[in-house]
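Undergrad: Give me a model of this one.
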Amino acid sequence: MHTVWVRLNAVVFFGLTVLLGLSILAAVSKIGHSKHHKPVVSRLELNTLRSLKSHGGVDRALLSFDLHADLTPAFHWNIKQLFVYVVASYSTKTNPHNHVILWDKIIEAVDPPEAKIIEEDNIFVKYALIDQTNELRGKEVELKLVWDHMPLTGMLFMGSAEKLGSFRLPENYR
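TA: Modelled structure (predicted):
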């Protein structure tokens, strides 16, 4: 005869196997959803360049931007939250590919629907645009909105909007 512990072990591991199977089915059911249902970004552009200074041997720019985006298409039953951030990209002689995060926000699935629509003007950056050297002056900077899908179960997905905003920094410090 089997003991109580053997029977309990069989029941627990059967339950875990069913849970694993359901998790796999849930993850498979949303494959490709994130690639087809993207947030709608209507506006991302520079509002004001507050300053461009040399700070400790590196160039630092402080700015504000306008962002209008509807993030509701990215949400479905398997998304826990979106990590949304604005990236500034530019190139210099020293580093041909520079990507700097200027602003970020976490939007959770439990947030009300109006929280999933961002229509803000004159957003001041959380993180300054800093170059490793002093080559930021006169550079063309592109702004892009990027998001990370954080599902309840399944694979992570990162998406981005096409290049939306670009501007040229001044040649002189101000």
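
Undergrad: list the buried ones in the longest strand seen in the chain?
TA: Taking DSSP state E as the criterion, the chain has its longest strand at strand 40-55. Of the residues in strand 40-55, those buried by neighbour count under the rule 16 or more other C-beta atoms under 10 Å are 41, 44, 46-47, 49, 52. All C-beta spots, glycine's among them, are computed from the backbone N, C-alpha and C.

Undergrad: how many other residues sit next to the closest residue in space to residue 171 that isn't next to it in sequence?
TA: Of all residues not flanking residue 171 in the chain, residue 138 sits nearest, at 4.5 Å (C-beta to C-beta, 6 or more residues apart in numbering). Look at residue 138: counted by other C-beta atoms under 10 Å, it has 11 neighbours.

Undergrad: tell me which of the buried residues of strand 40-55 is nearest to residue 82?
TA: Of all these, residue 41 has the smallest distance to residue 82: 12.7 Å, by C-beta to C-beta.

Undergrad: who touches that closest one in this structure?
TA: By C-beta atoms under 8 Å, 6 or more residues apart in numbering, residue 41 lies in contact with 67-69, 145, 161, 164.

Undergrad: coming back round to it: is the residue nearest to residue 171 in a helix, a strand, or coil?
TA: coil (DSSP: H, G, I helix; E, B strand; the rest coil).

Undergrad: In this protein, where is pLDDT below threshold?
TA: By pLDDT under 70, the low-scoring segments of the chain are 1, 34, 163.

Undergrad: Can you show me the helices along it?
TA: 4-29, 33-36 (DSSP state H).

Undergrad: Same list (those) but as a markdown table, adding distance to residue 150 and mean neighbour count.
TA: A markdown table is the format used below for the helices of the chain (distance: least, C-beta to C-beta, whole Å; neighbours: other C-beta atoms under 10 Å):
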| stretch | distance to residue 150 | mean neighbour count |
| --- | --- | --- |
| helix 4-29 | 13 | 11 |
| helix 33-36 | 11 | 14 |
